[in-house]
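**Q** Just need the structure, nothing else, for what follows:
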Amino acid sequence: MTAYGQTTRDDPLKDFDSLSASEQVDTLSALCWQNREKNTEKAVEYGERGIEIALDIGYDAELSSLYNYMGVIYQHYKGETRKAITYYNMALNYALQTHDSIEIAYVYNNLGDAFYLIGNVPLASEYAQRSMNTFREIDYKPGIAYSYINMGLVSRISMNYEESLKYFKNAIEIRKSLNDPVGMASATLEIGRTLYEMNRLEEAMNYFRKSLEMHDKIDNKNYMAYSMHGIADVYFKENKLDSAHYYYIKALALNEERNNQTGKIDNQLGLAMIYATRDMRDEGERLLNTALQAAVKTGITNNILNAYKTRAEFYHYLEEYKNASDNYREYIAIYDSLFSELQFQTMAEIKDRFEITERLSNINEDLVAKKKAQRYYFSLIFLLLVIAAVLVMRYRTKLKLSKELKSANQVKDKVLSIISHDLISPFNSLIGLSELVVEYIENEKYEEALSLSQSVYKTSSDTYELTKNLLDWSRSQRNRIEVSPELFDISKLLNEHITVVESRAEAKNINISVESKDELTVYADKTLISTALNNLLSNAIKFTGEGGTIKLNASKKENKALVSVKDNGVGIPGEKLPGLFGQDYTESTRGTNNEKGTGLGLMICKEFVEKNKGHIWVESGEGEGSTFFFSLPLNN
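**A** Numbering: from 1, shown residues only. Take a look at the predicted model:
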């Protein structure tokens, strides 16, 4: 291996040390992308070195591209999709900071592709649509072609085959106009796969052969192997087993050469089924076990499910029905464990019940003010017990909703985890507190009961805020939020929100002030921006200690309104900043007074600000406080 800075006759890094730091990054970035197919490990080496230099000099624009390139390499050439998603999230963070629309759209496209591979269809669809919308807004044809591919993949997995074919053919037309043989070849392969799923075998074979020829010309061995596998699949369905065996073996050799784990698994499963037809049980079973172990190691959902499904089909063909049944059951169990908690219909019902919680808070305030203890306490206890009983019942019956799995794949595992832990737990506390209240009332200990009601009220309020965040987030994920922009004074809104959080701030002796005094009119949905602002203020209070300060400001900057929420609290560790607003970041950190949250607040802020054509970001350091910024359109 040639060290950086050394030169040989064929060394692409000749005179590397004479370049400026930014030129070194550009060079390494180009080499990373150029070597992704022919020398993957070298491409990774170039990418990591480029990232290291770019981080040292703060070259944010190229960092976005480098992280994106590394994601593509790990996903498509090393078969490590989940690691690729980490790189894509880093790329998205830097692309958003530099306002690079093209790079943002490419990251969205790659995230959609990655989530498609690991089986998260809702996120795959969401990111594919985001990518398409962004590329269309800037009329960037290469990107639109990429988006067509992802939209076609999502349509195919939803069995909208004709729509899928339309997307792939549109991608080919654009790539023809751009003279892009690589893009044309990949779209041709996807048409073959779609026709195969439609059982149009003769047409599928034509496209697989055309794809193989095109990829052979550009020497893309990974995709040559995919094309050969498609040809083998068609031969297998046509019962031309010798031909199928020949192409599975050729594809496997290429995938072993490129160390493509997903490709190897598919080839091994195909060969196992051929061995089943030839009554070669031991050879087939050996391949099945090898494929299953590799699938589990990749952690890719589709690989694992495909392995168990093929095992079941293998034993069924051999008339070993018990083994077939066991593997089908394992397939179903894994499918349910991976996807059953993605259902989300219960959230609409929970919303209705937590509107009752809000009314209970008002009742509790009236009880303290008017000292009508007994009548209100019994009402409170009754309603809380009803809500708790319904929630527990719903939680226990959620496992029965697997039949609605496909229509429910529009949310994340994190949500029901929050419901089951962060919601059920406070309601258990409410039940226990309520029992004590009843006991105090029966014993005519009204002052003790009244004191305990404050705990009941605080727990109810905290749980309501937690649930409101969950509902806001779920509505945004299901595109149920309609943006209704209007003209309003953002400075006035900041002052109004000080009143909203005043009691929480006073409890910690925190001073909140608004620095901007001039009127600044923005064009946005006031309700959504109020929700985002409330989350940012709540976070600032949560992570600011006793006697701290919070400063709000709104100013005009580059034809935008810039709003900031600055605190002198505990700050955020540097390693948590890059993914703070990301979909995968749902970590809830306790506040300075042990306050809890869902971990969804910042995600909601990001969604709501972006729905209003703005951007959100943060500047912070551990122990140095935090400043959250977001921009909004001005009155134009």
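**Q** If you count neighbours, what's buried in whichever strand or helix holds residue 296?
**A** Per DSSP states H and E, residue 296 falls inside helix 281-298. Residues of helix 281-298 classed as buried by neighbour count (16 or more other Cβ atoms under 10 Å): 284, 285, 287, 288, 290, 291, 292, 294, 295, 298. To be clear about C-beta, it is placed using only N, CA and C from the backbone, and glycine gets the same treatment.
**Q** Turn those into TSV, columns for distance to residue 214 and pLDDT.
**A** Formatted as TSV, these follow (distance: Cβ to Cβ, whole Å; pLDDT from 0 to 100):
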residue	distance to residue 214	pLDDT
284	33	91
285	36	92
287	30	94
288	32	92
290	31	94
291	28	91
292	33	89
294	28	89
295	29	86
298	27	78
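**Q** Among the residues you listed, which one sits closest to residue 120?
**A** Closest approach to residue 120 among the buried residues of helix 281-298 (Cβ to Cβ): residue 298, at 15.2 Å.
**Q** Contacts only, for the closest one.
**A** With contact set as Cβ atoms under 8 Å, 6 or more residues apart in numbering, residue 298 has these partners: 79, 80, 81, 261, 262, 265.
**Q** What of residue 543?
**A** 567, 569, 570, 571, 589, 591, 592, 626.
**Q** Let's have these in a markdown table, adding pLDDT and neighbour count.
**A** As requested, the contacts of residue 543 are exported to a markdown table (pLDDT from 0 to 100; neighbours: other Cβ atoms under 10 Å):
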| residue | pLDDT | neighbour count |
| --- | --- | --- |
| 567 | 93 | 26 |
| 569 | 90 | 24 |
| 570 | 90 | 20 |
| 571 | 90 | 16 |
| 589 | 70 | 14 |
| 591 | 68 | 18 |
| 592 | 71 | 16 |
| 626 | 92 | 24 |
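**Q** what's the farthest-apart pair in the residues you listed?
**A** Greatest spacing in those, by Cβ to Cβ: 567 and 589 (14.3 Å).
**Q** Need the mean per-residue confidence for the strand or helix carrying residue 61.
**A** Assigned by DSSP H and E, residue 61 belongs to helix 60-72. Averaging pLDDT along helix 60-72 gives 91.
**Q** Over to stretch 552-566?
**A** Stretch 552-566 carries an average pLDDT of 92.
**Q** Tell me the buried residues in it?
**A** Buried residues in stretch 552-566, counted by 16+ other Cβ under 10 Å: 552, 553, 554, 560, 561, 562, 563, 564, 565, 566.
**Q** With adjacent residues omitted, what lies nearest to residue 526?
**A** Using Cβ to Cβ, 6 or more residues apart in numbering and skipping the chain neighbours, the partner closest in space to residue 526 is residue 488 (5.1 Å).
**Q** OK, contacts around the one you found?
**A** Applying Cβ under 8 Å, 6+ apart to residue 488 gives the contacts 521, 522, 524, 526.
**Q** returning to what we had before: now distance to residue 176 and neighbour count too, for the contacts of residue 298, in CSV please.
**A** Output for the contacts of residue 298, formatted as CSV (distance: Cβ to Cβ, whole Å; neighbours: other Cβ atoms under 10 Å):
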residue, distance to residue 176, neighbour count
79, 30, 25
80, 32, 18
81, 29, 24
261, 33, 19
262, 29, 22
265, 33, 28
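**Q** Pick the one among those closest to residue 92.
**A** For the contacts of residue 298, the closest approach to residue 92 (Cβ to Cβ) belongs to residue 81, at 16.1 Å.
**Q** Distance check, that closest one against residue 51.
**A** Counting by Cβ to Cβ, to the nearest Å, the gap from residue 81 to residue 51 is 20 Å.
**Q** cool, residue 483 as well?
**A** Counting by Cβ to Cβ - residue 483 and residue 51 are separated by 36 Å.
**Q** So for the two, which sits in the more crowded spot?
**A** More neighbours surround residue 51 than the other of residue 483 and residue 51, with 23 against 12 (other Cβ atoms under 10 Å).
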